[in-house]
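K.L.:
Build the 3D model from these lines:
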Amino acid sequence: MANPTNVFGLKPVRRRDGSPWTGKATAYSIPSGDTNNYFIGDPMDLAATATGNSAAVTIIGGEFAVGTLPEIVAATLADGNYTIGPIIGFMPTTEASTVYGAASTTRVALVADDPDLIFQIRDDGASALGIAAVGLNAIMQSGSGSTITGLSGYVLDTNGTAPGADASNMLYIDRAANIHNNDATLASTVWEVFISMHRYARLNGILGKA
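P.N.:
Have a look, this model is predicted:
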């Protein structure tokens, strides 16, 4: 039986030490000048020209003062680029949908930015990677998210830039996900990955915005 083909971007499932992910995330700003829609599972990075939010942002039940929300944008997926992790939700404002981050609105995105998280992501289905993919590096392809479910269209790239031994690729394939209807010998497998090019990973210092 073929694997399902529903996509969802990067979904945090646990920490690399085996402990559970408890849903913790950090709030960031996507300003109204950004004309892109954003979805749960989209990988993000600090904006190249980012500062903190230049004006207070009101959410239902509270407010973020000036400078308390770093600005983020969609991560650049090509080899050698960084991410801080995926969006896992949006805080409700008086201006924006909370199912997804609607374009040209002020959005407060919650990002799973812990560099020690493991994520699930489905591959693009273009070819079957097989179990030899475990232990390789990979990048992602962007895709259209759903304004109904709010879920991302990002997938793991199987053939545009095929997985290989390249530490400057954004992802490391840790294993196939042990979930129902997930055959690692077929296309559209759900893989468990961690972020190899994480901006906050403490390997050689933390790299600031470009």
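K.L.:
With adjacent residues omitted, what lies nearest to residue 11?
P.N.:
Counting by C-beta to C-beta, 6 or more residues apart in numbering, residue 11 lies nearest to residue 120, which is 4.7 Å off, once chain neighbours are set aside. No exception for glycine: its C-beta is placed from N, CA and C like everyone else's.
K.L.:
Show me the shaky parts of this structure.
P.N.:
Scanning the chain for pLDDT under 70 picks out the ranges 202-210.
K.L.:
and residue 111, what are its bridge partners?
P.N.:
Residues in a beta bridge with residue 111, per DSSP bridges, are residue 26, residue 87.
K.L.:
Provide the partner residues of the residue nearest to residue 11 in its beta bridges.
P.N.:
Beta-bridge pairing for residue 120 (DSSP bridges): residue 11, residue 192.
K.L.:
any idea how far residue 59 is from it?
P.N.:
29 Å (C-beta to C-beta, to the nearest Å).
K.L.:
What of residue 86?
P.N.:
Computed with C-beta to C-beta, the distance linking residue 86 and residue 59 is 20 Å.
K.L.:
out of those two, which sits in the busier spot?
P.N.:
Set residue 86 next to residue 59 and count neighbours by other C-beta atoms under 10 Å: residue 86 wins out with 29 against 18.
K.L.:
and that one, what is it in contact with?
P.N.:
9-12, 40-44, 111-112, 119, 152 (C-beta atoms under 8 Å, 6 or more residues apart in numbering).
K.L.:
what does residue 75 give?
P.N.:
Counted by C-beta under 8 Å, 6+ apart, residue 75 has contacts 43-45, 81-84, 170.
K.L.:
now swap in residue 10 and tell me
P.N.:
So residue 10 contacts 41-43, 85-86, 112, 119-121, 140, 152, 154, 193 (C-beta under 8 Å, 6+ apart).
K.L.:
quick one: which of the residues you listed is nearest residue 163?
P.N.:
residue 193 (10.1 Å; C-beta to C-beta).
K.L.:
where exactly do the strands run in this structure?
P.N.:
Here the chain has its strands, by DSSP state E, at 11-15, 26-30, 43-46, 57-59, 62-64, 72-74, 85-91, 107-111, 117-122, 137-138, 140-141, 155-156, 171-176, 190-195.
K.L.:
Can you lay out the ones you listed as JSON lines showing distance to residue 3?
P.N.:
Shown next, in JSON lines, are the strands of the chain (distance: least, C-beta to C-beta, whole Å):
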{"stretch": "strand 11-15", "distance to residue 3": "16"}
{"stretch": "strand 26-30", "distance to residue 3": "32"}
{"stretch": "strand 43-46", "distance to residue 3": "22"}
{"stretch": "strand 57-59", "distance to residue 3": "38"}
{"stretch": "strand 62-64", "distance to residue 3": "41"}
{"stretch": "strand 72-74", "distance to residue 3": "26"}
{"stretch": "strand 85-91", "distance to residue 3": "21"}
{"stretch": "strand 107-111", "distance to residue 3": "28"}
{"stretch": "strand 117-122", "distance to residue 3": "8"}
{"stretch": "strand 137-138", "distance to residue 3": "17"}
{"stretch": "strand 140-141", "distance to residue 3": "17"}
{"stretch": "strand 155-156", "distance to residue 3": "12"}
{"stretch": "strand 171-176", "distance to residue 3": "10"}
{"stretch": "strand 190-195", "distance to residue 3": "8"}
